[in-house]
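Student: make a model of this:
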Amino acid sequence: MKTPGKQVVLVRHGETEWSHNGRHTGRTDIPLLDSGREMGRLLGAPLKAWRFDAVYTSPLSRAADTCALAGYGDLAQPREDLMEWDYGDYEGRTSAEIRAERPDWTLWKNGVPNGETAAQVATRVDSVISDALRTDGDVLIFAHGHLLRVLAARWLGLPPWEGRLFLLSTASISVLGHDGDRRRPAIVSWNDTTHLRA
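Tutor: Residues are numbered from 1 along each chain as shown. Prediction:
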């Protein structure tokens, strides 16, 4: 949905085997499934509602390939600061497996051993937000579930752990913008997957 004012459009990558199975996928470079590649192609049509002055992507293949399949590969700037949360010792594990050992565990509250903290992820996304705000027009970002949830929280001026409030599906489109006076950050739309029903 395109409305007046500068917008930052967030796209979570298409489906992988690990995202399908609920496994924490941080820095492991898992490829898209065939279904994930089709999701990438289906993103092209709705994204044509915008004219982007900049396109950023995580360098991990699941995000970069989603970007290319949607038609933005030639325009994309790979950014290390858009890589997914480093899950450390919990890489490749499901939340249920982790809670079998730590019943009250959540990523947002407890973090991960030998991985990144929410504050470290926030530092990375704050840099992305700063660059996006310096761009004249709209910005398109292809990245990962937890990272994009932190980015949304930081856009709104919330602490990074409040990303827990923003659920995000694979190949979804979310739009960040500003309220009517264009001064206060706001969410224009969130977790739109209607294009996947085609």
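Student: low pLDDT regions in this protein?
Tutor: For the chain, the stretches with pLDDT under 70 are 1-4, 181-182, 198.
Student: so which residues of it form strands?
Tutor: 8-12, 52-57, 76-78, 138-143, 173-178, 185-192 (DSSP state E).
Student: in JSON lines, list these along with mean neighbour count and distance to residue 44.
Tutor: (Glycine included, C-beta is placed from N, CA and C.) Converted to JSON lines, the strands of the chain look like this (neighbours: other C-beta atoms under 10 Å; distance: least, C-beta to C-beta, whole Å):
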{"stretch": "strand 8-12", "mean neighbour count": "25", "distance to residue 44": "11"}
{"stretch": "strand 52-57", "mean neighbour count": "20", "distance to residue 44": "13"}
{"stretch": "strand 76-78", "mean neighbour count": "16", "distance to residue 44": "14"}
{"stretch": "strand 138-143", "mean neighbour count": "26", "distance to residue 44": "12"}
{"stretch": "strand 173-178", "mean neighbour count": "22", "distance to residue 44": "11"}
{"stretch": "strand 185-192", "mean neighbour count": "15", "distance to residue 44": "14"}
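Student: with distance to residue 128 as new columns, can those strands be given to me in a markdown table?
Tutor: Formatted as a markdown table, the strands of the chain follow (distance: least, C-beta to C-beta, whole Å):
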| stretch | distance to residue 128 |
| --- | --- |
| strand 8-12 | 9 |
| strand 52-57 | 7 |
| strand 76-78 | 11 |
| strand 138-143 | 7 |
| strand 173-178 | 11 |
| strand 185-192 | 14 |
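Student: tell me the contacts of residue 79?
Tutor: Applying C-beta atoms under 8 Å, 6 or more residues apart in numbering, we find residue 79 in contact with 56-59, 128.
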